[in-house]
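>>> Have a look at this fold, sequence not included:
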């Protein structure tokens, strides 16, 4: 199997494998950030031997930003995931692997249905006194919510207000992504939005005595798009969208609309 080409893969955990039972607790911890980390580590075992020789990947939160050997996301089926990356190993004792070469050959004007789980961020100046170092990546939805609250104030149902601002904020973010990556969104539906707490290893303790914790948002978007620049679009899809790609974000699933 070629390691140079991109392959699209569906991976399913073999829960009936004789040696899997003792590992279930480690593979499916209750903490969501640990669950995403465990899944990343599990799927890494399918990387080609040449990559395996380089050693295990670091924890996703400690890895260099936005660098990952493959894109992945949870599939609709329980205990299954989709992957886009090098041709996977197929000799896993715990994982069933269905794979095929990834073929994306769009033309200008093609209409595609998309499904995207993404960590969408915006670059904001949070401390002008620090110059360029004062800029920070902010979650698009939380950034929009804070701007909304500066105008109307806080409300009791913050989750409801958050979803109210989520659609225009994420639609605007996706439109900007399309301008850089060869597509134009026609319609965007925000299926869900949630935040995941991530403990920063080695971070100092806060005033309340807790280890440093950051959060990142995960948005699930569906909709329609048209292709405006096929080459740029293919490059964007293969690279993935947004950040937190090692945590299962950035892989855009596509389906042609007849």
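Arrived safely, thanks for sending. Note that the coordinates shown come from a computational prediction; the quantities given were computed from them, not determined experimentally.
>>> I'd like the next helix or strand past the lengthiest strand in the chain.
If each strand of the chain is counted by residues according to DSSP state E, the longest one is strand 183-199. Tracing the chain C-terminally past strand 183-199 and defining elements by DSSP states H and E, one meets strand 213-227 next.
>>> Buried by neighbour count: which residues of that following strand qualify?
Taking 16 or more other CB atoms under 10 Å as the neighbour-count basis, strand 213-227 is seen to contain the buried residues 216-221, 223-227. C-beta: built from backbone N, CA, C; applies to glycine.
>>> Helices of the stretch 51-200 of the chain, start to end?
Secondary structure of the stretch 51-200 of the chain (DSSP state H, counting those that start in this stretch): helices located at 140-152, 158-181.
>>> can the ones you listed go into CSV with extra columns for mean pLDDT and distance to residue 112?
Compiled in CSV, those are given as follows (pLDDT from 0 to 100; distance: least, CB to CB, whole Å):
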stretch, mean pLDDT, distance to residue 112
helix 140-152, 83, 22
helix 158-181, 91, 12
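>>> I'd like the ones you listed as TSV, with distance to residue 255 appended.
Written out in TSV, the entries for the helices of the stretch 51-200 of the chain read as follows (distance: least, CB to CB, whole Å):
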stretch	distance to residue 255
helix 140-152	25
helix 158-181	17
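>>> Ok, which of those helices comes nearest residue 24?
With CB to CB as the measure, helix 158-181 is the member of these nearest residue 24 (31.5 Å).
>>> quick one: contacts of that closest one?
120, 122, 140-145, 147-149, 155, 184-185, 188-190, 193, 219, 221, 223, 225, 228-229, 232-233, 235-237, 241-242 (CB atoms under 8 Å, 6 or more residues apart in numbering).
>>> Next: stretch 37-54.
3, 9, 11, 26-29, 56-57, 59-61, 69-70, 72, 74, 81, 83, 85-89, 92, 94-95, 97, 246-248.
>>> Now do the buried residues in stretch 238-257.
240-254.
>>> Keep only those of those that are in helices.
When helices are assigned by DSSP state H, not one member of these lies inside them.
>>> still on that earlier bit, list buried residues within the contacts of helix 158-181.
For the contacts of helix 158-181, burial is judged from neighbour counts taken by 16+ other CB under 10 Å, and it is met by 120, 122, 140-145, 148, 185, 188, 190, 193, 219, 221, 223, 225, 228-229, 232-233, 236-237, 241-242.
>>> strands paired with the longest strand of the chain, and their directions?
Strand pairing for strand 183-199, determined by DSSP bridges: strand 213-227 (antiparallel).
>>> ok, now which ones touch residue 247?
For residue 247, the contact set (CB under 8 Å, 6+ apart) comprises 33, 36-37, 40, 60, 119, 196, 216, 218.
>>> which phi and psi does residue 182 have?
The phi and psi values for residue 182, taken as degrees, to the nearest 10, are phi 70, psi 30.
>>> Residue 198 pairs with what?
Beta bridges link residue 198 to residue 214 when assigned by DSSP bridges.
>>> So it sits against residue 33, correct?
Yes: with the criterion set as CB atoms under 8 Å, residue 198 and residue 33 qualify as a contacting pair; they are 4.7 Å apart.
>>> What score does residue 125 have for pLDDT?
At residue 125 the predicted local confidence, pLDDT, stands at 68.
>>> I meant residue 84, not that one.
Confidence at residue 84, expressed as pLDDT, is 97.
>>> swap in residue 211?
Model confidence at residue 211, expressed as pLDDT, equals 52.
>>> And for residue 56?
Checking the pLDDT column for residue 56, the value is 56.
>>> Check residue 91 too.
pLDDT, residue 91: 87.
>>> Next, count neighbours for it.
Residue crowding around residue 91 was assessed by other CB atoms under 10 Å; the count is 9.
>>> how far away is residue 148 from residue 104?
Using CB to CB, to the nearest Å, residue 148 is found at 37 Å from residue 104.
>>> for the nearest residue in space to residue 81 that is not next to it in sequence, helix, strand, or coil?
Counting by CB to CB, 6 or more residues apart in numbering, residue 11 is the residue found nearest to residue 81 once chain neighbours are left out, at 5.0 Å. Of the three states, residue 11 takes strand according to DSSP: H, G, I helix; E, B strand; the rest coil.
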